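Chemist: what's the 3D shape of this:
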Amino acid sequence: MTTLHDRIQMLRAELTSFHLSRRERAQIERELKRAIAALDRKGTADREAPA
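Modeler: Here you go, the predicted structure:
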């Protein structure tokens, strides 16, 4: 199973490819932003003190 962190690393690696169209690059960048935001939300939830 791929973790969120692994997904972010794969997307970053894809962005280094020289054979991407503008559309493909934009799509990868959007997916990367969503994955990073999800990781941030998860991190915030983990840091919150239990009630």
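
Chemist: next one: the least confident helix or strand in the chain by mean pLDDT to chain centre, how far?
Modeler: The least trusted helix or strand in the chain, going by mean pLDDT, DSSP states H and E, turns out to be helix 22-47, with a mean of 90. Relative to its chain's centre, helix 22-47 lies at 4 Å (CA atoms, centre = their mean, to the nearest Å).

Chemist: now do stretch 6-19
Modeler: Here the centre of stretch 6-19 is set off from its chain's centre by 10 Å, with CA atoms, centre = their mean.

Chemist: for stretch 19-30, same thing?
Modeler: 14 Å.

Chemist: re the thing from before, buried by neighbour count: which residues of the least confident helix or strand of the chain qualify?
Modeler: By neighbour count on 16 or more other CB atoms under 10 Å, the buried set for helix 22-47 is Ile28, Leu32, Ala35. C-betas here are computed from N, CA, C, even on glycine.

Chemist: which one of those sits closest to Arg22?
Modeler: Ile28 (11.0 Å; CB to CB).

Chemist: Is that closest one in contact with Glu14, as I believe?
Modeler: Yes - counting by CB atoms under 8 Å, Ile28 does reach Glu14; the two are 5.2 Å apart.
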